[in-house]
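Asks: Below is the sequence, then the predicted model.
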Amino acid sequence: MSQTHKAIGILGGTFDPIHMGHLRMALELYEALDLAKVHIIPCYQPVHRKLPTATPKQRLAMVQCAVETEPALYADDREIKRRAPSFTIDSLFEMRHEMPNTPLCLLVGIDAFLSFTSWHRFTEILNQAHIIVAHRPQYQLPSAGIIADLVKERLQHEFSFIHENLAGGILLRPITSLEISATDIRKQIAMGKNPRYLLPDSVYNYIKEHGIYSITPI
């Protein structure tokens, strides 16, 4: 094992828009797992859902606004710059090439993890990164099937494992449950309601300035 650097976290998504649920999850896992940093990576074009309302450039800018005062979090533009359908495995390969001696930790909510077997080349992901599954009370892991077998084979109980190994482990971590929906935020803004306290003020100001989600630009 030639790892020489602290593990970093990776949180991907459409972030249409990024909100407090995303940010709180990233910060809590950063602290709980003693990560060096968390890279927040907005996708260019999602492959499992409809196209975002905001443009790739706007979604990246909103992430940049959200993290500009938090040194633990980094707005990573690699998928936006790639300008192609966004697959997690491609970003992991790229980051592994850039950081060959740094453990990578893919941060996912438990709802996303339940569909992990539908991800592009999912069997290769654990060769490149650990998976940190953030608990939310309304979801439970299955007791049988591929996901159950994967957890049984890979589950780790000590977070030191992710710093001592470059990839391959699955950790389950509880987080504060913030039931915030980007879809609901977009609807609220379109209806002229105030979404304050659901997303950072800097992000809402950007949305207003650029007239995203049917708001008239100021």
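Replies: Ah, there it is.

Asks: C-alpha from now on. contacts and neighbour counts both.
Replies: Will do.

Asks: Show me where the chain dips below the pLDDT cut-off.
Replies: For the chain, applying pLDDT under 70 flags the ranges 1-4, 137-138, 215-218.

Asks: That one: strands as residue ranges?
Replies: All strands of the chain, identified by DSSP state E, fall at 8-13, 38-42, 73-75, 104-109, 130-135, 170-174.

Asks: Just the angle for the last one relative to strand 104-109, thanks.
Replies: The one in question is strand 170-174. 50 degrees (axes from the mean of the first three to the mean of the last three Cα atoms, to 10 degrees).

Asks: Which strands and helices lie in contact with strand 170-174?
Replies: Contact here means 3 or more Cα pairs under 8 Å, 6 or more residues apart in numbering; DSSP states H and E; on that basis strand 170-174 packs against strand 130-135.

Asks: mind listing what's buried in the strand it packs on?
Replies: By neighbour count with 16 or more other Cα atoms under 10 Å, strand 130-135 contains the buried residues 130-135.

Asks: Taking these, tell me the two that lie furthest apart.
Replies: Spanning the widest gap among these are 130 and 135, at 15.8 Å by Cα to Cα.

Asks: Burial check on the nearest residue to residue 13 once chain neighbours are set aside, number of neighbours?
Replies: Among residues not flanking residue 13 along the chain, residue 42 sits closest, at 5.3 Å (Cα to Cα, 6 or more residues apart in numbering). Using other Cα atoms under 10 Å, residue 42 has 29 neighbouring residues.

Asks: is it possible to export the strands of the chain to TSV including distance to residue 124?
Replies: Converted to TSV, the strands of the chain look like this (distance: least, Cα to Cα, whole Å):
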stretch	distance to residue 124
strand 8-13	16
strand 38-42	19
strand 73-75	25
strand 104-109	13
strand 130-135	11
strand 170-174	14
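
Asks: Tell me which of those approaches residue 149 most closely.
Replies: Residue 149 lies closest to strand 170-174 among these, at 11.8 Å (Cα to Cα).

Asks: measure residue 9 to residue 59 for me?
Replies: Using Cα to Cα, to the nearest Å, residue 9 is found at 20 Å from residue 59.

Asks: One more: residue 167?
Replies: Residue 167 is 29 Å from residue 59, by Cα to Cα.

Asks: the more surrounded of the two?
Replies: Each of residue 167 and residue 59 has its neighbours counted (other Cα under 10 Å); residue 59 has more, 25 against 22.

Asks: my guess is residue 5 meets residue 104, correct?
Replies: No: look at residue 5 against residue 104 with Cα atoms under 8 Å: they stay out of range, at 10.2 Å.

Asks: Between those two, point out the one with more neighbours.
Replies: Neighbour count, other Cα under 10 Å: between residue 5 and residue 104, residue 104 has more, with 29 against 16.

Asks: What sits closest to that one if chain neighbours are left out?
Replies: The spatially closest residue to residue 104, leaving aside those adjacent along the chain, is residue 129, at 4.7 Å (Cα to Cα, 6+ apart).

Asks: which residues touch the most centrally placed residue in the chain?
Replies: Central residue of the chain (Cα atoms, centre = their mean): residue 11, 2.3 Å from the mean position. By Cα atoms under 8 Å, 6 or more residues apart in numbering, the residues touching residue 11 are 26, 38-41, 106-108.
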